[in-house]
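Asker: Give me coordinates for this.
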Amino acid sequence: DIRPNDMVGEPNGGTGSRLTPLPDVDIRAIEIDPRRAETLRLQGYGVTEGDSLTTKLTGATVIVMNPPWGKYSSQKYGKPIPQVYGTPVDVAERFFVNALNQVPKTGGRVVAVMPTTILEARPFLDWIATEHTLRALVQFPAGAYDTRGTGVDSVLLVVDRGKVPDAPLPIRGFAGGQPQ
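Answerer: Coordinates of the predicted model:
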């Protein structure tokens with residue numbers, strides 16, 4: 001839930017499609033492409049042009065994101081950069097960890113559309129379970145993004161930074177049952 005006093009950040013702003021449905025709160029974005037940054041400005045969002053891995057969303061309490069994806073095993077993304085939990089499977093994990101480190105330790109949340117490769121990323125998921133509070137991990141139906149130019153399946157990952165006492169069990173939903 002987004003509260004009236006939240007500041008929502010989008011580290012990969014794009015054209016604003018994830019921001020449009022949000023309630024009337026303070027929304028800021030980072031966008032590396034100047035044309036997309038201008039599109040966001042024209043929609044009334046506060047925008048910083050830059051690389052979201054090196055530019056901070058200062059003050060964000062909630063981050064909503066669809067980070068870049070790509071399996072390191074494809075050899076297209078260079079060597080994996082070790083994270084606090086170990087070696088990532090997908091480049092999206094690096095963006096997620098960076099976003100989670102930017103929200104407050106108490107009350108901070110990251111909501112991310114992620115590739116299904118994270119379901120294979122046991123160290124990543126174990127780190128979330130051990131150090132943070134998983135709120136939801138829901139796989140979208142197969143082909144959900146076919147009309148958007150990608151055939152890669154995805155999940156919605158919602159995590160609160162840190163351990164939240166007495167948090168309810170997370171919402172989980174997977175195509176074809178639970179992940180291994």
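
Asker: switch to C-alpha atoms for all contacts and neighbour counts from now on
Answerer: Fine.

Asker: what about residue 79, distance to residue 73?
Answerer: Distance check for residue 79 against residue 73: by C-alpha to C-alpha, to the nearest Å, it reads 9 Å.

Asker: Give me the three-state assignment for the residue most central in space within the chain.
Answerer: Closest residue to the average C-alpha location of the chain: residue 112 at 2.9 Å, with C-alpha atoms, centre = their mean. Under DSSP: H, G, I helix; E, B strand; the rest coil, residue 112 falls in the strand class.

Asker: Write down the beta-bridge partners of it, one by one.
Answerer: Applying DSSP bridges to residue 112 gives these bridge partners: residue 65, residue 157.

Asker: What segments of this structure are helices?
Answerer: Applying DSSP state H to the chain gives helices spanning 34-42, 91-100, 122-131.

Asker: right, and those helices - which one's nearest residue 5?
Answerer: With distances scored as C-alpha to C-alpha, the stretch of these nearest to residue 5 is helix 91-100 (18.8 Å).

Asker: For this protein, just list every one of the strands.
Answerer: In the chain, the segments counted as strands under DSSP state E are 7-10, 26-31, 46-49, 62-65, 109-115, 133-139, 154-160, 171-173.

Asker: Dump the fourth one to PDB, keeping only the CA atoms.
Answerer: Read that as strand 62-65. What follows is strand 62-65, C-alpha atoms only, in PDB (Å, rounded to 0.1, in the frame of the first residue of the first chain):
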ATOM      1  CA  VAL A  62       8.700   3.000  -1.900                       C
ATOM      2  CA  ILE A  63      10.400   2.000  -5.100                       C
ATOM      3  CA  VAL A  64       8.400   0.600  -8.000                       C
ATOM      4  CA  MET A  65      10.500  -0.800 -10.800                       C
END
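
Asker: helices and strands around that strand, which ones?
Answerer: Helices and strands touching strand 62-65, by 3 or more C-alpha pairs under 8 Å, 6 or more residues apart in numbering; DSSP states H and E, are strand 7-10, strand 109-115.
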